[in-house]
Each structure stands twice: as C-alpha cells, then as structure tokens.
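Q: here are the coordinates; sequence isn't available:
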C-alpha cells in the first residue's frame, strides 16, 4: 500500500480496489478476439475440450495451473499474472459470501480467546 503524508490512502491510485474482481478468462477472451483466433482453434491447439475453454473464457470455470501454462505456451502470456488474477478473483468472490465471512468472524473470536 502506497502512503503519502496528509493523503487518504484510499485516494491514491495504486491503492484503489476495483469494484469487482476480474476473472482471467475475460482478459484471455479479449486477447484471442483481438488476435482473431477462434475458441475452437485455440481449444484444438491447447488440446482441451472446447466446452472447457469456453467456460474459462466466460468466467464459469477457474483457470488452473495447467491451463495457465497451456495459455502461456500457445499465446505467450505469462502464467503467473493469470494465476494471480484467478487467486484475487477467488478471494474477492468468497469475501462476498456473508455466511462464510460470519463463520470466519466467529473463528477469529475463538482464536483471540485462546
């Protein structure tokens, strides 16, 4: 987190949290569309079922380490930033789950009492 004297940290561009998490599939989808590659052709090159690729690109399936490496090999996009996006997406999604967050809160209270 960037800090500047007299400036609210939430008002510094590098500290701003997006309104919603970005699934790496949406970035990959934009990239293959920009390059003019069809999902069918990409799935074939990667050796994965078209349905699995389509679900990743539409944010309905998580990007795994293996698929990230396949994208890296075929598109030349580093796997690590894609996986970091997936992790951020997963964390932000679970933090919206009130039931789970309530459970975490209770566990923190128990841990603090130990």
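A: Arrived safely. All of these numbers come straight from a predicted model, not from anything done at the bench. Numbering: from 1, shown residues only.

Q: Let me see the contact set for the residue nearest the centre of the chain.
A: Centroid-nearest residue in the chain, with C-alpha atoms, centre = their mean: residue 86, separated by 2.5 Å. Residue 86 makes contacts with 23-24, 62-63, 68, as judged by C-beta atoms under 8 Å, 6 or more residues apart in numbering. No exception for glycine: its C-beta is placed from N, CA and C like everyone else's.

Q: 7 Å instead, please
A: By C-beta atoms under 7 Å, 6 or more residues apart in numbering, the residues touching residue 86 are 24, 62-63.

Q: mind checking the SS state of residue 60?
A: coil (DSSP: H, G, I helix; E, B strand; the rest coil).

Q: So what's the residue count around it?
A: If you count neighbours by other C-beta atoms under 10 Å, residue 60 ends up with 10.

Q: Report pLDDT for it.
A: Looking at residue 60, its pLDDT reads 97.

Q: where along this protein do the helices fall?
A: Secondary structure of the chain (DSSP state H): helices at 24-35, 39-46, 50-57, 65-75, 79-95, 98-113.

Q: For stretch 73-86, which residues meet the burial criterion?
A: Neighbour-count burial for stretch 73-86, counted by 16 or more other C-beta atoms under 10 Å, picks out 75, 79, 82-83, 85-86.

Q: Show the contacting residues for residue 71.
A: If you count contacts by C-beta under 7 Å, 6+ apart, residue 71 has them with 28, 77, 79, 82.
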